[in-house]
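1. I would like the atomic coordinates for the input below:
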Amino acid sequence: MLSPEVNCWRVARSNRCSLLVDGEAYFKAVRSAIGKARRVVWILGWDIDSRIGLVRGDGEDDRPAALVEFLHHTLKRRRGLRVHVLVWDFSMVFALDREWPPIYSPRWRMHRRLDFHMDNEHPPGASHHQKVVVVDDAVAFVGGIDLTKRRWDTTEHAADQSGRQDPDGRRYSPFHDVQLVVDGDAARALGELARERWRVATGKEGKPPRAIDTAADPWPEGVNPDFREVDVGIARTMSPHRGRAEVREIERLYCDTIAAARRYIYIENQYLTSAAVGDALASRLQEEEGPEIVIVQPKSKTGWLEKYTMEVLRSRLLGRLRADDVHGRLGVFYPHIPGLGEGECVNVHAKLMISDDRLLRVGSSNISNRSMGLDSECDLLIDAAGDADAERAVRGCLFRLLAEHSGREEKEVQDAIEGTGGLLPAIEGFRDGERALRPLDGAVPAEIDQMVPDSAIVDPEKPVNPDTLLDMVLGEEPPRSVGKRLAGAAALLLGLLALAIAWRWTPLGNLLAVGRIEALAGDVAGSPWSFPIAMAGFVASSLLVVPVTLLISVSALIFGPWQGFFYSLAGGVLSAMVSFGIGKALGRDAVRRLAGRRINRLSKRLSRRGLLTVITLRIVPVAPFTVINLVAGASHIRFRDFWLGTLLGMGPGALALSFFADGMVGVLRAPNVRTIAWVGVLAVFLAGGGILASRWIRHGEKQGTGKEEG
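-> Numbers count the residues shown, from 1 in each chain. Reported below is the predicted structural model:
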């Protein structure tokens, strides 16, 4: 089954190997192993959270429970120990679900022998998804569990599990996952994998640990080996990037494993969207004497993004597999837990496959296109063929998982499978229990299915050019004439005026007491501290990415058009300089993550034609005000060009916007032909100026792009 350089990277011997089921078992085991480390610990992950508790309740000793505090405690006890933590430099889509920003968190900077780095050496749209922990090259953990929040759970997955809370004290739904722990040559090979990934991400060579006393065994306490003296295959996915060759060992290993099955294939996986794996499964279902195929999935996906993407793609693949299941050998299930609330289900996050009491596969790869060719992945496979003890252990892992999902004893599951002759009838026999595997329909409403594009966009297997992606999703935008743009501006103006009239002559006016607002504005404007208050407000608001146009309008409302204009111009320049300084301090690598390729081109143009480019961007911003400032700070633009360009570029727009905001107050106070006409003129000026400037900057961008790409 295992063929190096074909369906795996390497085959290495493991003296001991064990399957760890669910977060409670894994967190305890990894804590025990790291606590015994003497030389070096490598932690690779898709995500990490310094605050997570590795043990819950009273714990088992006096060592800290929280991850980073435990690492600091261990480093203090072991003078020669180093800990390297490498996690994906994540997409901002996930920012609200993560400890942010981890790279600047003082928790990761409190010890000089704790090295923390975020890995952005991957193509656009890809992620580093491997979950690997290696201790002294002697023990290694691989699977689907990151050392982050909302991963800990017990095998009971009880609805009222008290320990299932994230570091912020919020409850989360039951979470099911698995991890494999190995030692010996397999652990040493995984140490080599970790060092290579560190080298690519940081440019620094990671050295293997020096010889360690063999008596210092970091094998985790309380973990009894399921396997002894077995060969372990290590398979990877790596997308091509900066001269790095593409690696698709995981995809090939999936297809080979499915093709080799004779009696059954048991799968637990977070996703089911891979075209290659779907083809392999469909082919086996069409065979007259093919294997049973049992797939365990979450009942529904978590979060709106997955619900409207991966769940739809799963529904499509399930429809195809069911159509090909002409012999009735496919079963797709979800774990049912009594007492869960509306919308809750067990989040099956595992990436596991067991086949024919022979093959056990655990890793980080989902059955998705991304895991086949785009994201970095690492899987382990044990081929127990010909080894009676190892085959018995593979069978024991299957019984353990089915017993957990069915709320039964392992012996009951074993007797049911052996008595009925198959997995599907045994699962069906347990279906009426309170806790059971129940059939998964997986269908989605037709209107949602029609909204979701092809899997090549939602779940790509290769890097996608950002411009190509936009064209695929949005299509080409038809050119809009100046007349249509002005018509749109006029429609917006009419809407604003209609709203103003409604405030003036309908009961809605009670919600807007202009007199009260003016009184408040008068108090602020008349204060001797008005200028520093305004400057502080501008700087703080811009750092929170509040639109600068809104800040200018508020200044005009409080201080009047002329004073508001001067205050907003001063505040804009000051806040721009502050965020410029932050961008300079963060550096290019940190800032370029904010907006991708277009901003990277902008950085080059800023350094080449600084003053003119800054003026242009202040007239027609192509990104939020604060983002432009950060990018400018990280580029090679001269500070003088930046602040002068900001002053000159913001001036006309700030002046027009200040008088427009003041005019809108006039319309609210006394709507008449004069005030409405004045606001209309300003609106046309703003809209027309924006259109002309937009054409100018696009023309300049095309010329600049042509020169750069040529």
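2. so which residues of the stretch 51-200 of the chain form strands?
-> Using DSSP state E, counting those that start in this stretch, the strands assigned to the stretch 51-200 of the chain run over residues 82-88, 114-119, 132-135, 139-143, 175-176, 178-183.
3. strands paired with the third one, and their directions?
-> If I follow you right, that is strand 132-135. strand 40-45 (antiparallel), strand 139-143 (antiparallel) (DSSP bridges).
4. reformat the strands of the stretch 51-200 of the chain as a markdown table; add mean pLDDT and distance to residue 257.
-> Glycine gets a C-beta too; all of them are placed from N, C-alpha and C. Shown next, in a markdown table, are the strands of the stretch 51-200 of the chain (pLDDT from 0 to 100; distance: least, Cβ to Cβ, whole Å):
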| stretch | mean pLDDT | distance to residue 257 |
| --- | --- | --- |
| strand 82-88 | 95 | 27 |
| strand 114-119 | 92 | 29 |
| strand 132-135 | 98 | 21 |
| strand 139-143 | 98 | 17 |
| strand 175-176 | 98 | 21 |
| strand 178-183 | 98 | 15 |
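5. wait, which of those strands is closest to residue 574?
-> Shortest separation from residue 574 across the strands of the stretch 51-200 of the chain is recorded for strand 114-119, at 30.7 Å, computed as Cβ to Cβ.
6. quick one on the thing from earlier: make TSV out of the strands of the stretch 51-200 of the chain and add mean neighbour count and distance to residue 63.
-> Formatted as TSV, the strands of the stretch 51-200 of the chain follow (neighbours: other Cβ atoms under 10 Å; distance: least, Cβ to Cβ, whole Å):
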stretch	mean neighbour count	distance to residue 63
strand 82-88	23	15
strand 114-119	19	16
strand 132-135	27	16
strand 139-143	28	18
strand 175-176	24	24
strand 178-183	27	20
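7. got the ones you listed as a markdown table, with distance to residue 314 columns?
-> A markdown table is the format used below for the strands of the stretch 51-200 of the chain (distance: least, Cβ to Cβ, whole Å):
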| stretch | distance to residue 314 |
| --- | --- |
| strand 82-88 | 23 |
| strand 114-119 | 29 |
| strand 132-135 | 27 |
| strand 139-143 | 22 |
| strand 175-176 | 17 |
| strand 178-183 | 20 |
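8. nearest to residue 193, of these?
-> Here strand 132-135 is closest among the strands of the stretch 51-200 of the chain (Cβ to Cβ), at 6.9 Å.
9. to residue 307, which of the strands of the stretch 51-200 of the chain lies closest?
-> strand 175-176 (17.4 Å).
10. which helices and strands sit right next to that closest one?
-> Judged by 3 or more Cβ pairs under 8 Å, 6 or more residues apart in numbering; DSSP states H and E, strand 175-176 is in contact with strand 347-348.
11. strands paired with the strand it packs on, and their directions?
-> Short version: by DSSP bridges, strand 347-348 pairs with strand 175-176 (parallel).
12. can you list the domains in the chain?
-> By the assignment in automatic domain parsing, the chain contains the domains 14-159+171-210+218-228, 230-458, 482-709.
13. can you flag the weakest of those by average pLDDT?
-> Ranked by mean pLDDT, those bottom out at domain 482-709, with a mean of 58.
14. for residue 6, see how far away residue 436 is.
-> 40 Å (Cβ to Cβ, to the nearest Å).
15. those two: which has the busier surroundings?
-> Per other Cβ atoms under 10 Å, whichever of residue 436 and residue 6 has more neighbours is residue 436, with 21 against 11.
16. surely the more buried one touches residue 405?
-> Yes - counting by Cβ atoms under 8 Å, residue 436 touches residue 405, with 7.4 Å between them.
17. got any residues that touch both of those two?
-> Listed contacts common to residue 436 and residue 405 are residue 335; contacts here mean Cβ atoms under 8 Å, 6 or more residues apart in numbering.
18. could you say which helix or strand contains residue 30?
-> According to DSSP states H and E, residue 30 maps onto helix 23-35.
19. so that helix versus strand 82-88, what angle?
-> Here the directions of helix 23-35 and strand 82-88 differ by 140 degrees (axes from the mean of the first three to the mean of the last three Cα atoms, to 10 degrees).
20. which residues touch helix 23-35?
-> Identification of contacts with helix 23-35 by Cβ under 8 Å, 6+ apart yields 20, 41, 52-56, 60, 63, 70-71, 74, 83, 133, 135, 139, 141, 143, 145, 147, 151-155, 163, 175, 177, 179, 181, 218-223.
21. count of residues packed around residue 286?
-> By other Cβ under 10 Å, neighbour count at residue 286 equals 12.
22. so what's it up against?
-> Contacts of residue 286 (Cβ under 8 Å, 6+ apart): 324, 326.
23. distance of it from residue 188?
-> Separation of residue 286 from residue 188 (Cβ to Cβ): 43 Å.
24. same question, residue 424
-> 41 Å.
25. that older thread, okay, the strands paired with strand 132-135 in a markdown table with distance to residue 11 next?
-> What follows is those, written out as a markdown table (distance: least, Cβ to Cβ, whole Å):
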| stretch | distance to residue 11 |
| --- | --- |
| strand 40-45 | 21 |
| strand 139-143 | 15 |
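26. great, nothing more from me.
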